[in-house]
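# Prediction below, plus the sequence it came from.
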Amino acid sequence: MKFSAQEEYGLRCLLAVARQGDQASLTIPEISRMEGLTPSHVAKLMAILRKSGFVRSTRGQLGGYQLGMAPEKMIVKDVLESLGGRLYGDGFCERHSGIEPECVHEGDCLLRPLWLQVQHAVDVVLVRYTVADLLDESIPEPLLVLGAVPARKAR
């Protein structure tokens, strides 16, 4: 399982703008240099973030991108969904139907409960944090203990 490059780079571009504060702005070439991305890719990502209200743009010589709302109001889950959607959501089964117009497991899917659990676990984490939390570096790294995997359910 992985997040797309669009979600990763889009969030990085948003953070670049957010680091500038409320009144400052950044141009596409500036964001491009800061994040090591092509200007066309940055333009595409910023357009998505603008349509979702996370940034606003100003045209002209002194133009650029500014935050569209306070970082404390930007839930990471909402930002990622605007950039690429959910891991498992509407249309998932249609996109994975194989050569048939509909999935052959439409009524008896053994995987759907698993994908719903995975999506729920991801949502629980992503809804907990805001862009402000990312800026403050206040998201703790998980304490992973090797081998601390829950036991399998007995049959």
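Perfect, thanks for sending it. The structure presented is a predicted model; accordingly, all values stated were derived computationally and were not measured.
# centroid residue for this structure?
residue 80 (1.9 Å; C-alpha atoms, centre = their mean).
# now the host helix or strand of residue 30: mean pLDDT?
When secondary structure is defined by DSSP states H and E, residue 30 falls within helix 28-35. The pLDDT scores in helix 28-35 average 96.
# Just the angle for the helix or strand following it relative to helix 28-35, thanks.
The first helix or strand that comes after helix 28-35 along the chain, using DSSP H and E, is helix 39-51. On the basis of axes from the mean of the first three to the mean of the last three C-alpha atoms, to 10 degrees, helix 39-51 is oriented at 110 degrees to helix 28-35.
# C-terminal to helix 39-51, what's the next element?
Trace forward from helix 39-51 with DSSP H and E and the next one is strand 55-58.
# other SSEs contacting the very next helix or strand once past that following strand?
Going down the chain from strand 55-58, the next helix or strand is strand 64-67, by DSSP H and E. On a contact count with 3 or more C-beta pairs under 8 Å, 6 or more residues apart in numbering; DSSP states H and E, strand 64-67 meets helix 5-18, helix 28-35, helix 39-51, strand 55-58. Using the backbone N, CA and C atoms, a C-beta is placed for each residue, glycine as well.
# got the contact list for the first one?
Read that as helix 5-18. By C-beta atoms under 8 Å, 6 or more residues apart in numbering, the surrounding residues in contact with helix 5-18 are 25-26, 31, 34-35, 37, 41-42, 45-46, 48-49, 54-55, 65-67, 71, 74, 76, 79-80, 82-84, 131, 134-135.
# hmm, back to that, next one: the residue nearest to the centre of the chain from residue 125, what distance?
As for residue 80, its distance to residue 125 is 11 Å (criterion: C-beta to C-beta, to the nearest Å).
# Could you report the neighbour count for the residue lying closest to residue 104 once chain neighbours are set aside?
Counting by C-beta to C-beta, 6 or more residues apart in numbering, residue 104 lies nearest to residue 98, which is 7.1 Å off, once chain neighbours are set aside. As a burial measure, residue 98 scores 9 neighbours (other C-beta atoms under 10 Å).
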